[in-house]
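Asker: Whatever this is, show me its structure:
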Amino acid sequence: MSGVRQSRIAETFDRLRSRREIGIFPYLTVGFPERESTLQLVPALVEGGAAAIELGIPFSDPLADGVTVQRASQIALGNGVTVRFCLETAASLRRSGVDVPLVFMGYFNPLLQFGLERFVSACAEIGVDGLIIPDLPPIESDELAAICHQYGRDLIFMVAPTSTDAHLQAVARQASGFVYCVSLTGVTGARDRLDAGVGAFLARVRRHIDLPLTLGFGIARPEHVQEAASVADAVAVGSALLERISQATPDRQVEAARSFIEWLRSPLLSSAG
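Answerer: Reported below is the predicted structural model:
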C-alpha cells in the first residue's frame, strides 16, 4: 500500500461519489462583510452541508468576477484584508475544527508579491488544500505548479465553453484536485437558469481531463444543483451566497448563509430519502 496520503480534496470527491451525491462548494470573500465574518460564516456553511469551501482573496481588479464579487472584494479591502490576513483566517478555521477542504481563489499578482513559495508553504502548514488562480493560464503555470506539487497542494484551473482542445490538454498536464468549469462565458453572477450547452461542454472536458469537475458561475437555486448533478461532481456557489449575506441584517447573516446552502441541497436530500 502506498505511503502517500490521499489529499483532502480527493477524499471528499471519493466520499461524494460513494454517496452518489454532488458536492456544494460555497465561495466567500475573506473579510466580507466584516473583517472577522469569515470565522462565523464558514462553520455555518459546513453545518448547512457544504462539502468544501472556496476562500476568495480580495483584489482591486478582479477581471473574472461580476459586480457582486467585485463589491465584496472592495469591502474586504476596505476592511484591511491582506494575503497574510487570509492565511491567518484559514489557520483560525482549522484550529476551530473546520475539516472540509479549503481552497483559496485569488489573482496572481498579490500572491507573486507575497512570494509564491512562501504562500504555498504557508498553505501546506495551515492545511489549505488547493489554489484557484483565475488569471494564470496553464501554459504560464510551470513555476507555481512545481511549488504546489512540492508541498502537496492542488493547483486548480478554470476552463470555459470557449476553451480550445489545446487549452484543455494543457490543463490536463498541470491540474490536480479538480477542474473548475465555467458554465458560460463572461463574468461571475447568479442567473435564472444554467446554459443549455453545459452537458455537452462537460462531456468535452471529460474527454481530455481525468479529474472531478466543479461547475460554477451562475449557480443560485436548487434546480441548478439538481440539473448539474447529472453532469458535474460539484457546484461552486458564489454570487448568490454573497447576495444572501448582503441582504440579511447583521445579526441574521450567519443563519442566512447556513439556510441558503441547506436550501440548495434540498433536492439532494429528498432524492436520497
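Asker: State the mean pLDDT of the host helix or strand of Ala91.
Answerer: Per DSSP states H and E, Ala91 falls inside helix 83-95. Mean per-residue pLDDT for helix 83-95: 99.
Asker: In that helix, which residues are buried?
Answerer: Residues Val83, Phe85, Cys86, Leu87, Thr89, Ala90, Ala91, Leu93 are the ones in helix 83-95 that count as buried (16 or more other Cβ atoms under 10 Å). The way it works is simple: take the backbone N, C-alpha and C, and place the C-beta from them, glycine included.
Asker: which secondary structure element contains the nearest residue to the fourth one once chain neighbours are set aside?
Answerer: When you say that, I think you mean Leu87. When the adjacent residues along the chain are set aside, Leu87 lies closest to Ala122, with 5.1 Å between them (Cβ to Cβ, 6 or more residues apart in numbering). According to DSSP H and E, Ala122 maps onto helix 116-126.
Asker: any low-confidence regions in the stretch 51-200 of the chain?
Answerer: Residues of the stretch 51-200 of the chain meeting the criterion pLDDT under 70: 62-65, 184-195.
Asker: one more time with 50
Answerer: Of all residues in the stretch 51-200 of the chain, those with pLDDT under 50 make up the ranges 186-187, 189-190.
Asker: For it, which segments count as strands?
Answerer: Here the stretch 51-200 of the chain has its strands, by DSSP state E, counting those that start in this stretch, at 53-56, 102-105, 130-132, 154-156, 158-159, 179-182.
Asker: Partner strands of the third one, with direction?
Answerer: In the sheet containing strand 130-132, its partner strands are strand 102-105 (parallel), strand 154-156 (parallel), by DSSP bridges.
Asker: same check, this time on the fifth one
Answerer: For strand 158-159, the pairing partners within the sheet under DSSP bridges are strand 179-182 (parallel).
Asker: how far is the partner strand from where the chain is centred?
Answerer: With Cα atoms, centre = their mean, to the nearest Å as the basis, strand 179-182 stands 10 Å off its chain's centre.
Asker: deepest of the strands paired with strand 130-132, which one?
Answerer: Greatest average neighbour count among these goes to strand 102-105 (a mean of 26), per mean count of other Cβ atoms under 10 Å.
Asker: quick one: contacts of that strand?
Answerer: Outside strand 102-105, the residues that touch it by Cβ atoms under 8 Å, 6 or more residues apart in numbering are 9, 25, 27, 52-57, 86, 90, 93-94, 123, 127-134, 154, 156, 177.
Asker: ditto for stretch 37-51
Answerer: For stretch 37-51, the external contacting residues (Cβ under 8 Å, 6+ apart) are 12, 16, 23-26, 28, 30-32, 53, 55, 89, 92-93, 96-98, 100-101, 234, 245, 253-255, 257-262, 265.
Asker: just stretch 82-100 next, same as before
Answerer: 8, 12, 30-31, 35, 38-39, 42-43, 46, 50-53, 55, 57, 102, 104, 106, 110-111, 113-114, 119, 122-123, 126-128.
Asker: Near Gln150, how many other residues are there?
Answerer: For Gln150, the count of nearby residues is 12 (other Cβ atoms under 10 Å).
Asker: Who are the contact partners of the nearest residue to Ala160 once chain neighbours are set aside?
Answerer: Nearest residue to Ala160, sequence neighbours excluded (Cβ to Cβ, 6+ apart): Val182, at 4.2 Å. Going by Cβ under 8 Å, 6+ apart, Val182 touches Met158, Val159, Ala160, Pro161, Gly216, Phe217.
Asker: quick revisit: so how do I select the buried members of the contacts of stretch 82-100 in PyMOL?
Answerer: For the buried members of the contacts of stretch 82-100, the matching PyMOL selection, counting by 16+ other Cβ under 10 Å, is:
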select buried, resi 8+12+30+31+35+38+42+43+46+50+51+52+53+55+57+102+104+106+110+111+114+119+122+123+126+127+128
